[in-house]
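In: Quick one, fold the following:
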Amino acid sequence: MRLRKIYHWTGLTTLLLASGTVLATGGAINRGDYLGRKDVDAFIQSMHDEHGIEAARLRQILGQAHRQNRVLELVRKPAEGKPWSEYRPIFMTEKRITAGVTFWNEHADLLEQASAQYGVPPEIIVAILGVETFYGTRMGKFPVLDTLVTLGFDYPKRADFFRGQLSHFLLLAQEEGMNPMAPKGSYAAAMGMGQFIPSSYRDFAVDFDHNGVRDLFHSPADGIGSVANYFHRHEWQPGEPVIVPAKVTGNRYKQLRANERKPAYSFAQLHSAGVTFEGPHHDDELFSFLELEGKKGKEYWVGYHNFYVITRYNHSVKYALAVYQLSDAIKSRRNQSSKP
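Out: Coordinates of the predicted model:
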C-alpha cells in the first residue's frame, strides 16, 4: 500500500486546539524543554525547506516534547551488551515459549498467509514478535516524540541518526494521519508489535488486513505482515538454513573475525581454520562464525545468509541467535502439542 498523503493535518489541528494549544504564531504554547534552542530551530527550518511542513506547526509539536532522562540512561546500556550466558535467558523462558504457541494458534491463518506471500516461516515471525514485544503486549511506555527529541538533541553520540528518525516520525504522522503526541514505544523510539523505528515503519509496514491503515499498534495482521515483509525485502531465502552449532579444533580459528554479522568465510576457509559443522553448504556459499560465552563455556556457531537477514532487524548476533532459538523452541512445542 502506498502511504496516504495527508499534508494539512486537519485532525492534528483540531487536537491541538482542543488541548488549549493555539496554532497561530504568538498564541499560547507549551514550550516543553526544547523550543527556542538553536539546534531545534535549525531542525525546524530544515524540515520546512526539505519537506514543506509549516514551521509554526513544527514548533507546536516539538514545543510539547520533554527531555526523558531515563531514555538517556537506557540507551547507554542496551541488553545486547550482556554476555550470551546472561542475554539468552532473557528471551528463552517457559513463559515466552508457551505464549508464542498460543499466539501462533490464535493467528494461524494470518501467519500462513504471510508465510505464503513473503516466504518467511511462521516461527520466525512469531519469535520476532515474542522477543520484541512479548507478542504485542509490551510495546513500550516512552512517548516516541519525547524519545526522539531527547536522543536527537541531547545524545551527541547518535544525534544525527535520531534526528533523522525524528524527521521520519514527523513525516509518518503526516502521511498516516497519526497524532504525533500519542504513540509510545521503546527507549530507542521503536514502535508497535514489531518495534519498527520510524524509517522502517514508513518503508516496510503493510496494511495486511486491508482496512486502509497501516496500524502496528492494534492490528495483529499488520504486525505479522509487516515483519514478514521486512524479512522478504531483506532477501530472506525460503527453505534455507539459518544457523548451526560448530566445533573447533586447534587454535587456527582464532584468526577468524568472530561475531561479525555479514557472512565472510567459505566452507573451505572455515575447515582450514579448524571449524567444522553439520549442515548443507555450497562451494560458493559464505558463512559467519560466532564465538560466544555460554553458561557451560564457549559456544561456536556458523551462520548462513538467513542469519544475516535476522541481524538486519537488529544488528546484534546475540539478538539474532535468541530469535532463532526461540523460533525453534516455539515450533517444537507446538508440534508436540498437536500430536495425538
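In: can you pull out the strands in the stretch 1-150 of the chain?
Out: With strands called from DSSP state E, counting those that start in this stretch, the stretch 1-150 of the chain shows them at 142-143.
In: Now do the helices in it.
Out: Ranges of helices within the stretch 1-150 of the chain are 10-18, 38-51, 55-62, 69-75, 84-91, 94-106, 108-118, 122-133, 144-154, based on DSSP state H, counting those that start in this stretch.
In: Can you tell me what sits against the shortest one?
Out: Under the contact criterion CB atoms under 8 Å, 6 or more residues apart in numbering, helix 69-75 has outside partners 142, 146, 147, 150, 151, 154, 155, 158, 187, 188. The way it works is simple: take the backbone N, C-alpha and C, and place the C-beta from them, glycine included.
In: Highest neighbour count among these?
Out: residue 147 (31 neighbours; other CB atoms under 10 Å).
In: Throw the contacts of helix 69-75 into CSV and include pLDDT and distance to residue 35, thanks.
Out: Formatted as CSV, those follow (pLDDT from 0 to 100; distance: CB to CB, whole Å):
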residue, pLDDT, distance to residue 35
142, 97, 20
146, 97, 13
147, 97, 17
150, 97, 14
151, 97, 17
154, 96, 14
155, 96, 19
158, 96, 22
187, 96, 23
188, 95, 24
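In: any chance of those in JSON lines, plus distance to residue 101?
Out: Below are these laid out as JSON lines (distance: CB to CB, whole Å):
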{"residue": "142", "distance to residue 101": "30"}
{"residue": "146", "distance to residue 101": "36"}
{"residue": "147", "distance to residue 101": "32"}
{"residue": "150", "distance to residue 101": "38"}
{"residue": "151", "distance to residue 101": "36"}
{"residue": "154", "distance to residue 101": "42"}
{"residue": "155", "distance to residue 101": "39"}
{"residue": "158", "distance to residue 101": "37"}
{"residue": "187", "distance to residue 101": "29"}
{"residue": "188", "distance to residue 101": "29"}
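In: I'd assumed residue 148 was in contact with residue 68.
Out: No. If you go by CB atoms under 8 Å, residue 68 and residue 148 don't touch, sitting 9.8 Å apart.
In: what residue ranges in the stretch 101-250 of the chain score low on pLDDT?
Out: Scanning the stretch 101-250 of the chain for pLDDT under 70 picks out nothing.
In: related to what we said a few turns ago, nearest to residue 310, of the helices of the stretch 1-150 of the chain?
Out: For residue 310, the closest of the helices of the stretch 1-150 of the chain is helix 122-133, at 7.6 Å, according to CB to CB.
In: Can you name every helix or strand that that closest one contacts?
Out: helix 94-106, helix 108-118, helix 220-233, helix 317-337 (3 or more CB pairs under 8 Å, 6 or more residues apart in numbering; DSSP states H and E).
In: Tell me which of the helices of the stretch 1-150 of the chain sits nearest to residue 257.
Out: Closest among the helices of the stretch 1-150 of the chain, using CB to CB: helix 84-91, at 17.3 Å.
In: that older thread, among the helices and strands packed on helix 122-133, which is nearest residue 197?
Out: Set against residue 197 and scored by CB to CB, these come closest in helix 220-233, at 11.3 Å.
In: Next secondary structure after that closest one?
Out: strand 243-248 (DSSP states H and E).
In: Mind checking the pLDDT average for the helix or strand just after that next one?
Out: Counting by DSSP H and E, the next helix or strand C-terminal to strand 243-248 is strand 265-266. When pLDDT is averaged along strand 265-266, the result is 98.
In: Describe which strands strand 265-266 pairs with in its sheet and in which direction.
Out: Using DSSP bridges, strand 265-266 pairs in its sheet with strand 286-294 (antiparallel).
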